[in-house]
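Visitor: Sequence and predicted structure, then a few things I'm wondering about:
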Amino acid sequence: MKQLVNKNLITLKCVLFCFLSGIGCIFPFLPLHMLSVGLDKGEARLISAVAPCIALLGPAVLGPLIDKLSVGRGSTGGGTNPSGSGRLLRVITAACLILSAIFYTLLLAVPYTERHEARRPEVLFMCDEDSAYVMQEVCKEDMRCNRWSGEKSGVLAVTSCEYGCADENMTWVKQPFTTTSTTTTLSPMYLNVANATTSAPEVTEDDEVRHAMPFEVNPPHFCYNGQCLVYMQHQARLRVPLSLIAPELPEDNSTSDSDWCTYRTAGPSKCQVPPNRLAEVSEDDDCRPAVRCQVLDPYDEPDGVLADAECRLVIGDPSYTFWTYLIIRILSDIWPTAGLALLGTACVIATRETSLGRGDVGRQLAFGTIGLAIFPPLAGLAAEQMPDTPFLIPFVLHAVFMVIGALILLFDSHMPLSTPEWWWHTATGVLAMPMNTVRRYGAETAAVFAVVALLGTLWSGIDAYLPWTVQELNGTVTEMGLTLTAGALPAVPALWWAEALVDYIGHSNVFIMAFTFYGIRYTGLAYSTDYTWVVVCEILEVFTLSLVWVTAVLYFRHLVPRKYTATGQTLPVIAHFCIGRCIGAIIGGMVSLQQPLQAVRMVYRSLGVVALVVAAVYLGLYHLLLAPRCAAPAVSPPHHLLQGLNNTNGTTNGTYSPMRVYHEERSRKGHFRY
């Protein structure tokens, strides 16, 4: 009960409550907000991967900066006067919260863009003795022809080529083809134009022979840059390599009175009509002999010259919207990430853990988690009530909570955030040994950092795009917020007794348990068919995130020297919420755009297998190799303690064995537990 009424810690609990409430109001809705401003899922995936990668600059810079500037600012005896280092930590943390509120609110000002599904206009091909032309139906959306600079090279797949008469208006080219076949050209006796006489010609012996021949006489030829291609009757398609020039303004692009755009070839091209075929197609002196062809798959043909020439209706500037959102999102993610690291530092310092007992860091986080359980569904409900501006209320709530938390930090000058040198181990403590005799640097810190980064990868693989999964399962925005509630509610009691649980289970065993439950979560999500299963899987987040996070905070608290407390608390943030979140967003984003739900289930299955394999390897490596080999040897206690123990009538054996972090679950409570 004493912890609940500690006046010095009440304001810290309120700050954590406001911070996590603000995060809960905005985090589950960011993937949906990106789509609402007109970004496609590919762009949203890119932003989700890049933003956390650059956001690590916040904690990486501010943590060491606070440690450096705090030197000489702390109180020296636990006095009641405000600490200079505490004031520095409070001000910088408050600035991070305010900047988070500002930049996330700026996301509401990102200009809207809209891209309608592409319409595929008809494409025709014609060539005569002068040149070759590709004709495309004009885009009705903006009545403009596609334009590009210089020449555009590629191939055009054609079929059903035939001879005919062209005119200035290209009337013959636009007429329906006289055959419905898309695989062969017509036999020469049927190569007549639509306006030719319909009387059946007299069949002669030569015609019968010609009809029985397995090849054509004088098939259409297309010559481009000195190379000629022949369209034969047995060919299903002919791939014609060419380069096109965009129509010039204003003559060729005057589409107000025309429904077609004409693109000319860049190089010399021609189609010669043999003299014996001229009689078949010529009806008057104005006839311009030519060859026309149907175009196959102009927008899907590999290396097609018109592969990206579909008609699109675009509102706004998609490129400007993307880059604006990306820049603001990067600047936004920096500040809550840094704020989380600094608040972790504040919890470690304010709870005043010494060698005599626990600091109850988990209890401070438990109060903050209550806000994470309450406000996300309320923000989602408010979003549903405002269909025109659905994300206004969540973003405003985020800003309000962040500002309130910042004001508490600025006005509470008695928050116990003094520099840790004077209180970490008192001179009169039972075991007042230097912490650096049991603290391990280098390889152990790097190993824990890598484990936390891998756990962050598995976390981001689910949470980065979980709103899209819920949406594809016909879930509402409110139900999206409830997924955070499902994970936060069981986390409150778990965090309340977190340090006791970590002591009993052991740090490494908590990590092994987290990998195991990630395998269960991924497997459940891979086979979930409705929203209920998603909620059930989210309940397991108490084992994969809440306990993992408090374990990481406690672990790095003892691995890193006390004068680098802020730097030490930035390490789990960078590992889990920056590097891990970035890698997880990349892996989770590797899904098919055609069948996203089926593809994401395949990703879930794969990551579930990876999580279980890592858990098994970690279990064997730790219990069979590290734990037996890394036990700290027995060492003699400090000399001043031996002097105090000489009068104990031989009740001590004169040795003391500090326990390493590998054996914290076997240690004696009240002594060094790491």
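Guide: Structure's in. What do you need?

Visitor: ok, which stretches of the stretch 51-200 of the chain are helices?
Guide: Applying DSSP state H, counting those that start in this stretch to the stretch 51-200 of the chain gives helices spanning 57-69, 84-106, 171-174.

Visitor: I'd like those helices written out as CSV, with distance to residue 272, mean neighbour count and mean pLDDT added.
Guide: All C-beta atoms are positioned from the backbone trio N, CA, C, and that covers glycine. Listed next are the helices of the stretch 51-200 of the chain as CSV, based on distance: least, CB to CB, whole Å; neighbours: other CB atoms under 10 Å; pLDDT from 0 to 100:
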stretch, distance to residue 272, mean neighbour count, mean pLDDT
helix 57-69, 66, 20, 93
helix 84-106, 64, 22, 92
helix 171-174, 18, 16, 76
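
Visitor: Residue 404: which of these is closest?
Guide: Closest to residue 404 of the helices of the stretch 51-200 of the chain is helix 84-106 (CB to CB; 8.9 Å).

Visitor: Residue 325: which of the helices of the stretch 51-200 of the chain is closest?
Guide: Using CB to CB as the measure, helix 84-106 is the one of the helices of the stretch 51-200 of the chain that comes nearest residue 325, at 10.0 Å.

Visitor: Send me that closest one as PDB with only the CA atoms.
Guide: Output in PDB follows, covering the C-alpha atoms of helix 84-106 (Å, rounded to 0.1, in the frame of the first residue of the first chain):
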ATOM      1  CA  GLY A  84      19.800  19.600 -11.500                       C
ATOM      2  CA  SER A  85      20.000  16.300 -13.300                       C
ATOM      3  CA  GLY A  86      16.300  15.600 -12.400                       C
ATOM      4  CA  ARG A  87      15.300  18.900 -13.900                       C
ATOM      5  CA  LEU A  88      17.200  18.200 -17.100                       C
ATOM      6  CA  LEU A  89      15.600  14.800 -17.500                       C
ATOM      7  CA  ARG A  90      12.100  16.300 -16.800                       C
ATOM      8  CA  VAL A  91      12.600  19.100 -19.300                       C
ATOM      9  CA  ILE A  92      13.900  17.000 -22.100                       C
ATOM     10  CA  THR A  93      11.300  14.300 -21.600                       C
ATOM     11  CA  ALA A  94       8.500  17.000 -21.600                       C
ATOM     12  CA  ALA A  95      10.000  18.500 -24.900                       C
ATOM     13  CA  CYS A  96       9.800  15.000 -26.500                       C
ATOM     14  CA  LEU A  97       6.100  14.600 -25.500                       C
ATOM     15  CA  ILE A  98       5.300  18.100 -26.900                       C
ATOM     16  CA  LEU A  99       7.100  17.500 -30.100                       C
ATOM     17  CA  SER A 100       5.300  14.200 -30.500                       C
ATOM     18  CA  ALA A 101       2.000  16.000 -30.100                       C
ATOM     19  CA  ILE A 102       2.900  18.600 -32.700                       C
ATOM     20  CA  PHE A 103       4.300  16.400 -35.400                       C
ATOM     21  CA  TYR A 104       1.600  13.700 -35.200                       C
ATOM     22  CA  THR A 105      -1.000  16.400 -35.400                       C
ATOM     23  CA  LEU A 106       0.700  17.700 -38.600                       C
END
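
Visitor: Residue 386 belongs to a helix?
Guide: No. The assignment for residue 386, made by DSSP: H, G, I helix; E, B strand; the rest coil, is coil rather than a helix.

Visitor: Identify whichever of the helices of the stretch 51-200 of the chain lies nearest to residue 575.
Guide: Of those, nearest to residue 575 by CB to CB is helix 57-69, at 10.3 Å.

Visitor: Can you tell me what sits against the closest one?
Guide: Outside helix 57-69, the residues that touch it by CB atoms under 8 Å, 6 or more residues apart in numbering are 85, 88-89, 92, 96, 334-335, 337-338, 340-342, 345, 563-570, 573-574, 578.

Visitor: among these, which are in helices?
Guide: Among the contacts of helix 57-69, the residues falling in helices (DSSP state H) are 85, 88-89, 92, 96, 334-335, 337-338, 340-342, 345, 565-570, 573.

Visitor: Report the rounded mean pLDDT for the lengthiest strand in the chain.
Guide: Longest strand in the chain, counting residues (DSSP state E): strand 151-166. Taken as a whole, strand 151-166 has a mean pLDDT of 85.

Visitor: What's the local residue count around the residue nearest to residue 87 when sequence neighbours are not counted?
Guide: Computed as CB to CB, 6 or more residues apart in numbering, the closest residue to residue 87 that is not its neighbour in sequence is residue 413, at 7.1 Å. Neighbours of residue 413 under the rule other CB atoms under 10 Å: 12.

Visitor: and residue 413, backbone torsions?
Guide: In this entry, residue 413 is assigned phi and psi values of phi -80, psi -10 (degrees, to the nearest 10).

Visitor: Could you do the one 3 residues further on as well?
Guide: Main-chain torsions, residue 416, degrees, to the nearest 10: phi -70, psi 80.

Visitor: So it is in contact with residue 86, correct?
Guide: Yes. Residue 416 lies in contact with residue 86 (CB atoms under 8 Å); the separation is 7.2 Å.

Visitor: So for the two, which residues contact both of them?
Guide: Contact criterion CB under 8 Å, 6+ apart; residues shared by residue 416 and residue 86: residue 349.

Visitor: Residue 458 and residue 611 touch, don't they?
Guide: Yes. Judged on CB under 8 Å, residue 458 makes contact with residue 611 at a distance of 5.6 Å.

Visitor: Next, show the common contact partners of these two.
Guide: 515, 518, 522.

Visitor: ranking these by neighbours, who comes first?
Guide: Busiest of those [other CB under 10 Å] is residue 518, holding 30 neighbours.

Visitor: which helices and strands does whichever strand or helix holds it pack with?
Guide: Under the criterion of DSSP states H and E, residue 518 resides in helix 507-526. Here helix 507-526 touches helix 443-463, helix 498-505, helix 531-539, helix 547-559, helix 596-621, going by 3 or more CB pairs under 8 Å, 6 or more residues apart in numbering; DSSP states H and E.

Visitor: now for the helix or strand just after the first one, which elements pack on it?
Guide: The element immediately downstream of helix 443-463 (helix or strand, assigned by DSSP H and E) is helix 466-472. Secondary structure elements in contact with helix 466-472, counted by 3+ CB pairs under 8 Å, 6+ apart, are helix 30-36, helix 477-488, helix 531-539, helix 596-621.

Visitor: Go through whichever helix or strand comes after the last one and flag the buried ones.
Guide: This means helix 596-621. Proceeding N to C from helix 596-621, the next assigned helix or strand is helix 627-629, under DSSP H and E. By 16 or more other CB atoms under 10 Å, the buried positions in helix 627-629 come out as residue 627.

Visitor: before we move on, the earlier item: closest to residue 245 out of the shared contacts of residue 458 and residue 611?
Guide: The closest of the shared contacts of residue 458 and residue 611 to residue 245 turns out to be residue 522 (CB to CB; 52.9 Å).
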